[in-house]
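Novice: return a 3D structure for these sequence lines:
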Amino acid sequence: MEWHEFSKEYFEIEKAKLKSGPLEGIVVLDVSRASPAATFASALLAEMGAEVIKIEPPEGDELRKLTPFGEIYINDTGLPFLVEGRNKEFITLNLEKAEGRELFKRLAIHADAILESFEPGWMDSMGIGYRQIREINPGVIWVSFSAYGCFGRNAKKFSKVPDSNLFGIAMSSYMEANRELPEVGEPYNLPTAPGFWMATNLAGVYAAAGVVLALYYRTKSGKGQMIDITSVDSMIHVSPSIFWSHAHGEPLFVGVLPLDYAVFPYAYWKIKDGYVFASGFTDPNFRALITQLGAEELFEKYPNVFARIKLENQKVLYQELAEKFEQLTFADLTKRMLEWREQNREGVAVYMKVTTPKEVLEEDYWKERGDFRDVKVGEDTIKVIEPVWRLSKSPLKLKWLAKDVGEDNGFVYKKFLGLAGKDLEELKKEGLI
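Specialist: Predicted coordinates for the structure are as follows:
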């Protein structure tokens, strides 16, 4: 059997829902408030098969109100929370009251991991922080999300500063590094942020990975531990090239394509059918690129990397290449690149079509890969993204989207604490759930 057919059959995408996830049997309490990072982390853990219980205040998490254009709601819940609430169970609990904190302790005994995003030290001061919970549950894995972390000279001083996506992008220097050349003029040469929650999503990924690592450590030692997550730390970790230039005395001045402070060509150009990103910055790769474009004479003018990364040369070379690119389609470039590779010629030129979100959604190949799925929510249908990790034996899966506030109160409180019927009615009357 040909490899691609074998691998498709091996992963059995259609049968994934019948298999157990890798974290089956793990219980996670997500008691975070207004934290996209924690919400994303617990969604990933829920995809992995963990039983994630989202604990909201009786009025619901503030994130439920966040939605595109401020008007797209389904059952009074915004789209981001609806999607990131996938596979979770939802209960309410008032931690502001002593009785609510006692209920939390009783639930925490059953938890393998707890995610929280309160002001560092607040839960500890209320008697329900990591130090107290580990006394009754030594194996618990505690994940704290905050802007400045739980330790360090700014942790206490700025403990009331909330973490956010823009905080992570701005404070990590990522935003400053992504600005155009000064001569472009305002507002286009201002610091720039990506159009998605890059910092908080990264923090969520690192947190979920941290929980998995801590679970593995626990299998060997029997001990739980604490995990300290910030969006700034997460951004710094994935942006090392921003700091390399400064560490070696070469300050970063240009960060936004089409010009780059360290490599060139490594940019996007207009072509007949849209835009293409092209790369060919080492000498063999540059020769491959300009030969495929029919501009071999440029190698004499820019014979090495150092000639090409001088900013004044980048500006001229960019325009020289632009004249060639605008005469071609993406199919033309792909054909030339593949012919070059088939002939085993030296150097690799890379071309990638700059696609729009609409084009991605309409591309049959990603549908074949199972990247998107239509989920029915009441009278509405939402297109959501499937789990990215593809495990053939213990696949991650999407089971449902976020539920209503407190929808699982009856199920969870009965399962873990044996409370039902009149007990829950009394808790609700007292404002505890």
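Novice: quick one: what helix or strand has Phe281 in it?
Specialist: Assessed by DSSP states H and E, Phe281 sits outside every helix and strand.
Novice: can we start the residue count at 44 from this point?
Specialist: With 44 as the first residue, the last one maps to Phe324.
Novice: mind checking pLDDT for Ile56?
Specialist: Ile56 carries a pLDDT value of 72.
Novice: equivalent analysis for the one 4 residues further on, please.
Specialist: For Lys60, the pLDDT comes out at 75.
Novice: same question for Gly390.
Specialist: Gly390 carries a pLDDT value of 94.
Novice: quick one: it is in a strand?
Specialist: No. Using DSSP: H, G, I helix; E, B strand; the rest coil, the assignment for Gly390 is coil, not a strand.
Novice: so how far is Ser322 from it?
Specialist: 11 Å (Cβ to Cβ, to the nearest Å). Using the backbone N, CA and C atoms, a C-beta is placed for each residue, glycine as well.
Novice: list residues touching both of the two?
Specialist: 328, 332 (Cβ atoms under 8 Å, 6 or more residues apart in numbering).
Novice: show me where the stretch 344-476 of the chain has its strands.
Specialist: For the stretch 344-476 of the chain, the strands defined by DSSP state E, counting those that start in this stretch occupy 393-396, 415-420, 423-428.
Novice: ditto for the stretch 194-343 of the chain
Specialist: Taking DSSP E, counting those that start in this stretch, the strands of the stretch 194-343 of the chain run over residues 268-272, 309-314, 317-322.
Novice: tally of neighbours for Gly128?
Specialist: Other residues within reach of Gly128 by the criterion other Cβ atoms under 10 Å amount to 25.
Novice: hang on, the earlier thing: switch the strands of the stretch 194-343 of the chain over to TSV; also include mean pLDDT and mean neighbour count.
Specialist: Formatted as TSV, the strands of the stretch 194-343 of the chain follow (pLDDT from 0 to 100; neighbours: other Cβ atoms under 10 Å):
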stretch	mean pLDDT	mean neighbour count
strand 268-272	97	20
strand 309-314	91	19
strand 317-322	92	18
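Novice: nearest to Glu45, of those?
Specialist: Among the strands of the stretch 194-343 of the chain, strand 317-322 comes nearest to Glu45, with 30.0 Å by Cβ to Cβ.
Novice: now do that closest one: which elements does it pack against?
Specialist: Strand 317-322 sits against strand 309-314, helix 326-335, helix 354-368, helix 373-385, strand 393-396, with contacts defined as 3 or more Cβ pairs under 8 Å, 6 or more residues apart in numbering; DSSP states H and E.
Novice: that one vs helix 354-368, what angle?
Specialist: Here strand 317-322 runs at an angle of 130 degrees relative to helix 354-368 (axes from the mean of the first three to the mean of the last three Cα atoms, to 10 degrees).
Novice: what sits against Trp383?
Specialist: So Trp383 contacts 331, 334-335, 390, 392 (Cβ under 8 Å, 6+ apart).
Novice: what about stretch 156-166, average pLDDT?
Specialist: 97.
Novice: please apply the same query to stretch 194-201.
Specialist: The average pLDDT within stretch 194-201 is 90.
Novice: quick one: contacts of that stretch?
Specialist: Taking Cβ under 8 Å, 6+ apart as the rule, stretch 194-201 contacts 163-164, 189-192, 271.
Novice: can you give me the buried ones in it?
Specialist: Counting neighbours by 16 or more other Cβ atoms under 10 Å, one finds that the buried residues in stretch 194-201 are Ala198.
Novice: that stretch: how far from the chain's middle?
Specialist: 26 Å (Cα atoms, centre = their mean, to the nearest Å).
Novice: quick one: pLDDT of Asp423?
Specialist: For Asp423, pLDDT reads 86.
Novice: what's the answer for Ala365, then?
Specialist: On the pLDDT scale, Ala365 is placed at 95.
Novice: I'd assumed Ile314 was in contact with it.
Specialist: No. Between Ala365 and Ile314 there is no contact, the gap being 9.8 Å when judged by Cβ atoms under 8 Å.
Novice: just to revisit the earlier point, farthest pair in the contacts of stretch 194-201?
Specialist: Pairwise distances across the contacts of stretch 194-201 peak at 13.3 Å for Gly164 and Ala190 (criterion: Cβ to Cβ).
Novice: with neighbour numbers in mind, choose between the two.
Specialist: Neighbour count, other Cβ under 10 Å: between Gly164 and Ala190, Ala190 has more, with 22 against 15.
Novice: so the more buried one touches Leu209, yeah?
Specialist: No. Contact criterion Cβ under 8 Å: Ala190 and Leu209 do not qualify, at 11.2 Å.
Novice: quick one: the strands in the stretch 44-193 of the chain?
Specialist: Applying DSSP E, counting those that start in this stretch to the stretch 44-193 of the chain gives strands spanning 70-73, 94-99, 116-117, 120-121, 132-135, 156-159, 184-188.
Novice: quick one: closest of those to Gly238.
Specialist: Comparison of those against Gly238 by Cβ to Cβ identifies strand 120-121 as nearest, at 17.4 Å.
Novice: against Glu90, how distant is the closest residue to Ser85 other than its chain neighbours?
Specialist: In space, and not counting its chain neighbours, Ser85 is closest to Asp73: 4.0 Å by Cβ to Cβ, 6 or more residues apart in numbering. Distance from Asp73 to Glu90, counting by Cβ to Cβ: 13 Å.
Novice: look at those two and report which has more neighbours.
Specialist: Remark: of Asp73 and Glu90, Asp73 carries more neighbours, 28 against 24, as counted by other Cβ under 10 Å.
Novice: next, count neighbours for Arg129.
Specialist: Number of residues near Arg129 (other Cβ under 10 Å) recorded here: 22.
Novice: can you check the one 3 residues further on too?
Specialist: Neighbours of Glu132 under the rule other Cβ under 10 Å: 20.
Novice: contacts only, for it.
Specialist: By Cβ under 8 Å, 6+ apart, the residues touching Glu132 are 94-97, 446, 451, 454-455.
Novice: and those residues, which are buried?
Specialist: Taking 16+ other Cβ under 10 Å as the criterion, what is buried in the contacts of Glu132 is 94-97, 446, 451, 455.
Novice: pick out the lowest-pLDDT one from those.
Specialist: Ranked by pLDDT, these bottom out at Lys446, which has 95.
Novice: Gly413 is in contact with Lys60, isn't it?
Specialist: No. Using Cβ under 8 Å, Gly413 is not in contact with Lys60, being 11.3 Å away.
Novice: I'd like to know how far Asn158 sits from Ala250.
Specialist: Small correction: residue 158 is Leu, not Asn. Distance from Leu158 to Ala250, counting by Cβ to Cβ: 7 Å.
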